[in-house]
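[1] Below is the structure, and that's it, no one-letter string:
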């Protein structure tokens, strides 16, 4: 990945947080319509602090409210997202936000 969501060069050193969200009984269209509420709409939300690298161990992510470790993409009754964020950037929107489809797996 070389570009952020706005088409600008992706500067990995500025990315300091990763979010994994699960949204029970939601569709990608539901999330698109309420883009600015992705953190408050989540059924479950895991967070991981990053140090600007290009890899992350998702098992290290902890769930908001419980501090439980992320155990994988175990649910199929909703939508999963992954977001990369920069807390020091002027724009509060995620640098990268994508819908995940863990059921498909790698080719």
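    Alright, I've got the coordinates. What you are looking at is a predicted structure, and each value in this text was computed from that prediction instead of being measured.

[2] Could you tell me how many residues sit around residue 70?
    18 (other CB atoms under 10 Å). No exception for glycine: its C-beta is placed from N, CA and C like everyone else's.

[3] Please identify the nearest residue in space to it, excluding sequence neighbours.
    Leaving aside its sequence neighbours, residue 70 sits nearest to residue 61 (CB to CB, 6 or more residues apart in numbering; 4.1 Å).

[4] Would you quantify the distance from the one you found to residue 36?
    Using CB to CB, to the nearest Å, one gets 22 Å for the distance from residue 61 to residue 36.

[5] More neighbours: which of those two?
    Neighbour tally, residue 61 and residue 36, criterion other CB under 10 Å: the higher count belongs to residue 61, 19 against 9.

[6] Can you name the residues that contact residue 15?
    The neighbourhood of residue 15, defined by CB atoms under 8 Å, 6 or more residues apart in numbering, consists of 50, 52, 84, 85, 86, 95, 96.

[7] isn't the second one right next to residue 10, touching?
    No: counting by CB atoms under 8 Å, residue 52 does not reach residue 10; the two are 11.5 Å apart.

[8] hmm, back to that, contacts only, for the residue nearest to residue 70.
    With CB under 8 Å, 6+ apart, residue 61 has these contacts: 18, 20, 46, 47, 48, 69, 70.
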